[in-house]
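In: Quick one: sequence and predicted model below, then my questions.
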Amino acid sequence: MNVTSGHFIREKKSLKQLLELPFLRLLILVLTIYPAIRMDNDIVLFLAGVGVLVFYLIFSALTEMGTKLPWKK
């Protein structure tokens, strides 16, 4: 952004420059492929559950949760 007398002037980017951004390329890829591979709700819920479980296991390993046994003081 350029600053001219206290005003911000946003530089215009061409479509070609925008398509070179990696996250935008990934978003376009997902949006074009997703309708072709529509899944049943059961599979989506199962994959979401597995994802939450994996996230919990990684989070608990990183934060060392559960390192002390509650019955041992």
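Out: Happy to help now that I have it. Numbering: from 1, shown residues only.
In: Under the pLDDT cut-off, which ranges of this protein? List them.
Out: 1-21, 23-24, 33-40, 65-73 (pLDDT under 70).
In: Kindly recompute the last result at 80.
Out: 1-44, 60-73 (pLDDT under 80).
In: In it, where's the longest helix?
Out: helix 41-62 (DSSP state H).
In: name the helices or strands packed onto that one?
Out: If contacts are counted by 3 or more Cβ pairs under 8 Å, 6 or more residues apart in numbering; DSSP states H and E, helix 41-62 sits against no helix or strand. From N, CA and C alone the C-beta is placed, and that goes for glycine too.
In: residues of that helix that come out buried?
Out: Buried residues in helix 41-62, counted by 16 or more other Cβ atoms under 10 Å: none are found.
In: What values do phi and psi take at residue 63?
Out: phi -100, psi 0 (degrees, to the nearest 10).
In: Now do it against residue 41, distance only.
Out: Applying Cβ to Cβ, to the nearest Å, the value for residue 63 to residue 41 is 32 Å.
In: Using the three-state scheme, assign residue 64.
Out: Following DSSP: H, G, I helix; E, B strand; the rest coil, we place residue 64 in the coil state.
In: Could you give the number of residues near it?
Out: Residue 64: 8 surrounding residues under other Cβ atoms under 10 Å.
In: so who does it touch?
Out: Contacts for residue 64 (Cβ atoms under 8 Å, 6 or more residues apart in numbering) come out as none.
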